[in-house]
Structures are given as C-alpha cells and as structure tokens.
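J.: With the sequence up front, the predicted model follows.
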Amino acid sequence: MANSHIKHLIELAQDESLIDLLGWNTFFQPNETEEFIEAISSYAFPYSRKSQLIPLGIYLNQENFPIGYVVLKCLNMDLLTAEIGVAILDKKYRNKGYGKLALKRLIVYAFNELGLKTIGAVILLSNKSSINMVKNIGFVVTEVKYKSWPMPNGDLADMVFMELTKS
Ligand SMILES: CC(C)(COP(=O)(O)OP(=O)(O)OC[C@H]1O[C@@H](n2cnc3c(N)ncnc32)[C@H](O)[C@@H]1OP(=O)(O)O)[C@@H](O)C(=O)NCCC(=O)NCCS
C-alpha cells in the first residue's frame, strides 16, 4: 500500500465503535502510518513471532483508495504458522461479502504460496460477526482466554483463539 493509502485507512479508522470490535485505539494522526501498521500487527498465539508483516489493502478497483485491509502477521517459518487480521474500515462496504472474500484470498496465498500449515485468528469474544465469519471459513475455536486482553479503557476483555489448518 502506498503511504497515501495507509493515511486514507487511518482517516476511516477514526470511529469509536471500532475500538470495541478490534480492541485497540484506532485513532491516529495522518502521519502516524508506522504506528498504525504497528497496531494492526499485534499478536497473541504463543507460537507467533514478531516477524515480517504482510499488510494488504482491500480495493474495489485499482484506481480507488482501499476500503479496508487484511494482514498476515507473526509468521513462524519453523512451525509454518501465522496470524491474520481483517477490517472493512469504510462502513458502507460492510456486510457485502468483501471482508470474507479478502480473508479467503489471503488464506489461499498463505497456504499455497507461502507454504504455511496453520493460521490463527484472535478475536474479542464480543465480536460475534467476526467470529461467525471465520467459523464459516473453517476456523475452529482452540481456546477462550477470559479477561486476557487489555482494552484502551483499561478493562480486560475475553478473547477467542481460533485456528485453520491446511488439511
Ligand atoms: C468483520 C468484517 C471484517 C467482516 O467483513 P464484511 O465484509 O463486513 O462481512 P462479509 O459481508 O464478508 O460477511 C462475512 C461473514 O460475517 C458474518 N456477519 C457479517 N455481518 C454479520 C452480522 N451483522 N451478524 C452476524 N454475522 C455477520 C456472516 O457470517 C458472514 O458470513 P456468510 O456470508 O457466510 O453468512 C467487517 O464487518 C469489519 O471490518 N468489522 C469491523 C472490524 C472487525 O471487527 N474486524 C475483525 C476483527 S478480528
């Protein structure tokens, strides 16, 4: 993504309701592109490694700005694992199938091109629609960690750990 496209995502992310869905403070200054990328690269599985990050914009066509992002992060090339994240930040494009499609494309890339064997997703227990989405793709719940995620307001939130294996 070009820097101007990340700035566009930062603008779209200025939305209070996203904090309760994503679990981090989504308000950044336009020039805080590195901080934004750092925020979408958080990880939680014990096997995850701070590693190369693959953030991709979700585009409806090539001339426009992205409506959201998918990210493959925390690659562990010894165990062939990684974690994913996704957000359709432009609200008017939610619930139209784009989030699920983008995630599925990233998963195909991760399994077929990068040779990964397991992909993890860590989602707030309260974020039912995202849990639904990854379950529909084939992820299974491996663990629920209660009061494990520090929210920006200081509360500890419950997290669902889910995995998809290539087989
Ligand atoms: C979660 C998100 C990425 C889904 O993308 P989307 O394009 O809006 O959703 P889609 O239209 O692709 O729908 C995907 C699935 O989500 C589920 N879903 C979507 N909206 C839902 C709702 N209001 N209630 C329940 N499930 C819902 C459905 O299971 C759907 O799968 P199906 O088509 O097989 O029934 C998007 O809504 C978003 O960015 N939300 C805010 C940020 C967020 O929560 N990110 C995920 C953090 S892990």
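T.: Great, that's in hand. Quick caveat, the model's predicted, so the values are computed rather than measured. Numbering: from 1, shown residues only.
J.: ok and the residue in this protein nearest the ligand?
T.: residue 99 (1.9 Å; Cβ to the nearest ligand atom). In this view, the C-beta of every residue, glycine as well, is placed from N, C-alpha and C.
J.: Tell me the predicted confidence for that residue.
T.: Predicted confidence (pLDDT) for residue 99: 96.
J.: Spatially central residue for this protein, please.
T.: residue 85 (1.2 Å; Cα atoms, centre = their mean).
J.: quick revisit: where does the residue of the chain closest to the ligand sit: helix, strand or coil?
T.: Secondary structure state of residue 99, per DSSP: H, G, I helix; E, B strand; the rest coil, is helix.
J.: Which residues does the spatially closest residue to it that is not a sequence neighbour form beta bridges with?
T.: Closest residue in space to residue 99, ignoring its immediate chain neighbours: residue 88 at 4.9 Å, by Cβ to Cβ, 6 or more residues apart in numbering. As for beta bridges, residue 88 partners with residue 68 under DSSP bridges.
J.: what's near enough to touch residue 88?
T.: Applying Cβ atoms under 8 Å, 6 or more residues apart in numbering to residue 88 gives the contacts 58, 67, 68, 94, 98, 99.
J.: Please look at residue 32 and residue 9 and confirm they touch.
T.: No - using Cβ atoms under 8 Å as the test, residue 32 is too far from residue 9 to be in contact (11.5 Å).
J.: higher neighbour count, the two?
T.: It is residue 9, of residue 32 and residue 9, that has more neighbours when counted by other Cβ atoms under 10 Å, with 26 against 15.
J.: need the contact list for that one.
T.: By Cβ under 8 Å, 6+ apart, residue 9 lies in contact with 1, 36, 57, 66, 68, 69, 89.
J.: if I look at the fifth one, how far off is residue 161?
T.: Taking Cβ to Cβ, to the nearest Å as the criterion, residue 68 is separated from residue 161 by 23 Å.
J.: Mind checking what secondary structure the residue nearest to residue 100 when sequence neighbours are not counted has?
T.: In space, and not counting its chain neighbours, residue 100 is closest to residue 133: 5.5 Å by Cβ to Cβ, 6+ apart. Put simply, residue 133 is helix when judged by three-state DSSP.
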